[in-house]
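*Asks:* predicted structure and sequence below. I'll ask about it afterward.
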Amino acid sequence: MDEKDDLLKDAYAAVEEAEDVQEVLNKIRAIFGLHHIVFHLGQTQVDTLDRPFVRTTYPDSWVSRYLLKGYVDVDPVAREGFLRLLPFDWHDLEIDESAMEMMADAAKHDIGDSGYSIPVIDRQARRSLFSVTSKLTGQDWKNFMEEQGPRLQEVAHRTHRRALHEIFGEVDPMPPLGPREIECLTWTARGKDYAVIADILGLSGHTVRGYLKSARFKLECATLPQAVAKAVSLKIITP
């Protein structure tokens with residue numbers, strides 16, 4: 001096994017053997033020589049409340065400042081990260097005027113000169129954002145990400161699963177809905193009938209009915225409206 005494979009092996013071991021996600025981030029930061037890491041798992045609560053699960057290696061002074069100033073409302077990384085499907089470099093983000101103060105403030109707190117975020121979406125439509133920062137800039141940063149980006153993506157997905165285990169333990173309360181079942185439920189929640197959903201998704205009406213029936217069973221609901229309401233309450237879908 002070459003040095004590069006050893007690096008990924010060490011990262012996998014860190015995710016599996018660490019006491020908790022916070023320790024995972026501390027170990028991954030050291031393994032890859034990163035400046036900081038932030039992991040944010042949304043939609044972790046299965047009742048009426050949503051309690052985001054956030055772990056970071058950022059200094060407490062910056063975390064306090066971020067919360068005090070309400071930067072979460074203007075943070076372009078968080079905003080884009082929970083909308084995008086693919087990883088992105090922070091240098092590629094459009095920083096509007098509302099975020100200028102936050103970015104300047106972040107620089108003062110030594111957050112890092114470069115950043116990269118990896119969105120993760122699992123089969124239950126739960127999203128997380130795994131972000132890393134570095135003191136590297138320019139071509140050195142590009143070279144680093146070309147080499148380590150794929151590995152960090154694997155680490156991000158494993159960290160996502162580790163976070164869910166930390167929250168729920170061995171029993172995950174979210175029903176194992178597939179992508180098509182989620183799509184059909186989403187369009188149903190938006191008032192579309194079988195025929196329209198079939199046309200939108202390029203499926204037959206019979207297939208759409210099958211997906212909705214299996215989704216209803218997995219959600220343990222007697223009727224389709226109940227299934228839609230439960231999926232919305234669990235934040236599996238957004239009407």
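*Replies:* Nice, I can see it.
*Asks:* buried residues in stretch 177-193?
*Replies:* Within stretch 177-193, the residues that count as buried by 16 or more other Cβ atoms under 10 Å are 177, 180-189, 192. C-betas here are computed from N, CA, C, even on glycine.
*Asks:* OK, contacts around Glu16?
*Replies:* The contact partners of Glu16, by Cβ atoms under 8 Å, 6 or more residues apart in numbering, come to 158, 162.
*Asks:* in what helix or strand does it lie?
*Replies:* Glu16 belongs to helix 3-17 when assigned by DSSP states H and E.
*Asks:* about what we covered before: export the buried residues of stretch 177-193 to TSV and tack on distance to Gly169?
*Replies:* Shown next, in TSV, are these (distance: Cβ to Cβ, whole Å):
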residue	distance to Gly169
Leu177	21
Arg180	29
Glu181	25
Ile182	24
Glu183	29
Cys184	30
Leu185	27
Thr186	29
Trp187	33
Thr188	32
Ala189	30
Lys192	37
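*Asks:* show me where the protein has strands.
*Replies:* For the chain, strands defined by DSSP state E occupy the ranges 36-41, 53-56, 88-89, 114-121, 127-134.
*Asks:* which neighbouring elements make contact with the fourth one?
*Replies:* Helices and strands in packing contact with strand 114-121 are listed as helix 76-81, strand 88-89, strand 127-134, helix 138-168; criterion 3 or more Cβ pairs under 8 Å, 6 or more residues apart in numbering; DSSP states H and E.
*Asks:* ok, back up a step: and which of the buried residues of stretch 177-193 is nearest Leu152?
*Replies:* The closest of the buried residues of stretch 177-193 to Leu152 turns out to be Ile182 (Cβ to Cβ; 26.7 Å).
*Asks:* mind showing which ranges of this protein have poor pLDDT?
*Replies:* Along the chain, the model assigns pLDDT under 70 to residues 1-4, 43-51, 171-173.
*Asks:* picking up where we left off before, what angle sits between the helix holding Glu16 and helix 138-168?
*Replies:* 30 degrees (axes from the mean of the first three to the mean of the last three Cα atoms, to 10 degrees).
*Asks:* and helix 3-17, what's buried?
*Replies:* Within helix 3-17, the residues scored as buried using 16+ other Cβ under 10 Å are 8, 11, 14-15.
*Asks:* how is the protein divided into domains?
*Replies:* Using automatic domain parsing, the domain parsing of the chain gives 3-168, 179-233.
*Asks:* with distance to Pro239 added, can I get those domains in a markdown table?
*Replies:* Shown next, in a markdown table, are the domains of the chain (distance: least, Cβ to Cβ, whole Å):
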| stretch | distance to Pro239 |
| --- | --- |
| domain 3-168 | 13 |
| domain 179-233 | 4 |
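*Asks:* just give the nearest non-adjacent residue to the spatially most central residue of the chain, would you?
*Replies:* The residue lying closest to the centre of the chain (Cα atoms, centre = their mean) is Ser128, at 1.5 Å. Excluding its sequence neighbours, the residue lying closest to Ser128 (Cβ to Cβ, 6 or more residues apart in numbering) is Leu41, at 4.2 Å.
*Asks:* my guess is the one you found meets Arg161, correct?
*Replies:* No - using Cβ atoms under 8 Å as the test, Leu41 is too far from Arg161 to be in contact (10.3 Å).
*Asks:* among the two, which residue is more densely surrounded?
*Replies:* The neighbour comparison of Leu41 against Arg161 (other Cβ atoms under 10 Å) goes to Leu41, with 23 against 14.
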